[in-house]
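Q: Here you go, sequence then predicted model.
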Amino acid sequence: VESAGAARRVVRLEGETVPPGRLADHQRQVWLTPAQDRLFLEGAGDRRRFFDRLVFAAEPTHAAHASAYEKSMRERLRLLTDGPADAAWLTALEARMAEAGTLMADARARTLAALQAEIDSRGERPFPQARMTLTGDWERMAGEGLDFAEIEGRLARALASARERDAAAGRSLTGPHRGDLEVIHAEKDRPAAECSTGEQKALILNLVLAQGARLSRAESAPNPILLLDEVAAHLDRRRRAALFDEIEALGLQAFLTGTDEHLFEDLKGRAQGVRVDGQALTMLDGE
């Protein structure tokens, strides 16, 4: 709910105000919006945040680990730049960063492996397949099966040796906050950033569908909800039909929005149609 004049949304469960992350105990969202159309053209930070949301949907604790890492990183940088650069306190902060950062890297590596396996199994779909890589050293170590304690120790030592450099740069130059998600169009063997706008959209869509499919099979977890905004407009008739069939086959609750009503004609009789006009909702006949 959002109260009038409130600075932020409030989440309540059974009348009790709770952190927004608690929603993941009851529902998980997978979404694609026009804001993500430039995912492969924007900076690494946007791709990290996109990928971390995919991780969080399957492993809600990932958000807490990322928050702990970032909090300790800010405190460490403040000590390095503003002082006093107390060695003992820096070591304690770097130990926290190393533990949380290794947990982050592990979760990212698991998600990457699961998503890649799901995408590889979807070869018969009319969407381009992707080959994905996480470029960060720490994710690479986790993906190669390096022991948790070994990664944690290496990260702690790397942070300690980077103090002088980080202080001079005014930012932290080492850690899992520096990695990137690289995506290759498998059939064309071409980086996603070099593909056409339509190909990029289809690559992301296939990734999101793969995420929905793998989450739908997770035990002891709520089924995901698909939120797809203005997706149909970027697809030809064949791919639109394939998208609708896939959503129906997954058996997930899905919300598809768009400004062109005719793009959803193939959903008539299979979905509930609603027209949004101002603040009013109108049910569409025959849908």
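A: Ah, there it is. In this text, all values refer to a predicted model and were calculated from it rather than measured experimentally. Residues are numbered from 1 along each chain as shown.
Q: Go through the protein and flag its longest helix.
A: For the chain, the helix with the greatest residue count under DSSP state H is helix 87-120.
Q: Secondary structure element holding the residue nearest to residue 126 when sequence neighbours are not counted?
A: Spatially, and ignoring its direct neighbours in sequence, residue 126 is nearest to residue 242 (4.9 Å; C-beta to C-beta, 6 or more residues apart in numbering). To be clear about C-beta, it is placed using only N, CA and C from the backbone, and glycine gets the same treatment. In the assignment (DSSP states H and E), residue 242 maps to helix 237-250.
Q: Tell me where the stretch 51-200 of the chain has helices.
A: 61-82, 87-120, 137-143, 148-161, 163-169, 197-216 (DSSP state H, counting those that start in this stretch).
Q: Quick one: work out the angle between the fourth one and helix 87-120.
A: Translated: helix 148-161. Relative orientation of helix 148-161 versus helix 87-120 (axes from the mean of the first three to the mean of the last three C-alpha atoms, to 10 degrees): 130 degrees.
Q: Kindly export helix 148-161 (C-alpha atoms) in CSV.
A: Written as CSV, here are the backbone C-alpha positions of helix 148-161 (Å, rounded to 0.1, in the frame of the first residue of the first chain):
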residue,chain,number,x,y,z
PHE,A,148,34.0,-21.2,-0.2
ALA,A,149,36.7,-20.6,2.4
GLU,A,150,39.4,-20.2,-0.3
ILE,A,151,37.3,-17.6,-2.2
GLU,A,152,36.5,-15.8,1.0
GLY,A,153,40.2,-15.7,2.0
ARG,A,154,41.3,-14.5,-1.4
LEU,A,155,38.7,-11.8,-1.5
ALA,A,156,39.7,-10.6,2.0
ARG,A,157,43.4,-10.5,1.0
ALA,A,158,42.6,-8.7,-2.2
LEU,A,159,40.6,-6.0,-0.3
ALA,A,160,43.4,-5.5,2.2
SER,A,161,46.1,-5.1,-0.5
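Q: tell me which residues of stretch 163-176 are tucked away?
A: 163, 166-167, 172, 174-176 (16 or more other C-beta atoms under 10 Å).
Q: Phi, psi for the residue nearest to residue 201 when sequence neighbours are not counted please.
A: Using C-beta to C-beta, 6+ apart and skipping the chain neighbours, the partner closest in space to residue 201 is residue 234 (4.5 Å). Main-chain dihedrals, residue 234, degrees, to the nearest 10: phi -100, psi 0.
Q: low-scoring stretches of the chain, by residue?
A: 1-3, 220, 285-287 (pLDDT under 70).
Q: Can you report how many residues neighbour the residue nearest to residue 126?
A: 18 (other C-beta atoms under 10 Å).
Q: measure the residue of the chain most remote from its centre to residue 90 for me?
A: Here the chain reaches farthest from its C-alpha mean at residue 84, the gap being 36.7 Å by C-alpha atoms, centre = their mean. From residue 84 over to residue 90 the distance is 10 Å, taken as C-beta to C-beta, to the nearest Å.
Q: Same check on residue 247?
A: Applying C-beta to C-beta to residue 247 and residue 90 gives a distance of 50 Å.
Q: higher neighbour count, those two?
A: Per other C-beta under 10 Å, whichever of residue 247 and residue 90 has more neighbours is residue 247, with 20 against 17.
Q: show me what contacts the more buried one?
A: Applying C-beta atoms under 8 Å, 6 or more residues apart in numbering to residue 247 gives the contacts 226, 254, 256.
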